[in-house]
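**Q** Pasting the sequence and the predicted coordinates here, then a few questions.
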Amino acid sequence: MLLLVQKAAAGWYHVENYEGSLGPFPIHLSIQTYKGFGSGITVEGSYFYDAKQSPIALYGKANGTKLVLCEIADNNEFNRVIIVGTKTPIGSTGCSFSIDLNESGATGTWSQHATKYPVTLKKVATLDDTGDGKIDGAFAIPFWAQTATSMFSGIYTKTGSGMCMAKMQIINKTSKKVDQEITFDKGDCNAGMLMTPIYLNVQTFSKKGSDVISVNFRNGGAGYATDYIFDKKAKQFRQKNLKK
């Protein structure tokens, strides 16, 4: 984990966001590209159907402008591929997405079993901290973490201190509306910039029957996390140990 943190702090993020359609279904898709790991993975990502607001984790390989992306099927696969990782090359046979990127977007196909749909996407935003650092467009990350009722979207910005997550929107999956916004200090600009996959900078777990959001921050070392616990009475997430 320390190795991942050090690499992330050195300028790890090249992320592109797209919106468009998968067959008849409107979708949002975000991809982060790498030079590669021992497993051969050079792309990780997150996408969701607009109607469901439930992010699906992706991993895959890039060959020039062509991408093959596989969907994570369950927690076991997520832990094996994303969290633990492997030096053994991971195959891409049977992966859902096959797309070709261009300057303005991407086209391709999505298929599972006998079902196949065309994919048409428009590039809407980019975050890149591998060089001088820039954000183009309104940049939001659909974090992999979620609860049964909420999706978490990180709104990133560039300040005089660098790039970071300025706020996190907690989106109601049913209404598609923002139930709550949690803002972060732009002065030190460290929120959401720790983990190697940018989509892993927010995590969730349950404690004593309540949902907890854990947000990662860089600080020049191993980083740290701040927890937000769901207050059932107030119907909001509140920072742990913060006085009401």
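**A** Yep, that arrived. Residues are numbered from 1 along each chain as shown.

**Q** can we go C-alpha only for contacts and neighbour counts from here?
**A** Fine.

**Q** Report the buried residues of stretch 144-154.
**A** Counting neighbours by 16 or more other CA atoms under 10 Å, one finds that the buried residues in stretch 144-154 are 144, 145, 146, 147, 150, 151, 152, 153, 154.

**Q** neighbouring contacts of that stretch?
**A** With CA atoms under 8 Å, 6 or more residues apart in numbering as the test, stretch 144-154 has contacts from 46, 53-57, 140-143, 165-174, 192, 199-200, 202-204, 211.

**Q** Find the nearest non-adjacent residue to residue 187, please.
**A** Excluding its sequence neighbours, the residue lying closest to residue 187 (CA to CA, 6 or more residues apart in numbering) is residue 161, at 6.7 Å.

**Q** Which of the buried residues of stretch 144-154 fall within helices?
**A** Taking DSSP state H, every one of the buried residues of stretch 144-154 sits outside helices.

**Q** Okay, and which of those residues map to strands?
**A** Assigned to strands by DSSP state E, the following of the buried residues of stretch 144-154 qualify: 144, 145, 146, 150, 151, 152, 153, 154.

**Q** now the contacts of stretch 144-154: which count as buried?
**A** When the contacts of stretch 144-154 are checked for burial by 16+ other CA under 10 Å, the buried set is 46, 53-57, 140-143, 165-173, 192, 199-200, 202-204, 211.

**Q** which ones among these are found in strands?
**A** Of the buried ones among the contacts of stretch 144-154, the ones assigned to strands by DSSP E are 46, 56-57, 140-143, 165-172, 202-204, 211.

**Q** Name the single longest strand found in the chain.
**A** Max-length strand for the chain by DSSP E is strand 115-128.

**Q** Give the other helices and strands that the first helix or strand past it going along the chain contacts.
**A** Heading C-terminal from strand 115-128, the first helix or strand you meet, by DSSP states H and E, is strand 134-136. Applying 3 or more CA pairs under 8 Å, 6 or more residues apart in numbering; DSSP states H and E, we find strand 134-136 packed against strand 115-128, strand 150-159.

**Q** So in the protein, where's the weakest helix or strand by average pLDDT?
**A** None of the helices or strands of the chain scores lower by mean pLDDT, DSSP states H and E than helix 2-9, at a mean of 40.
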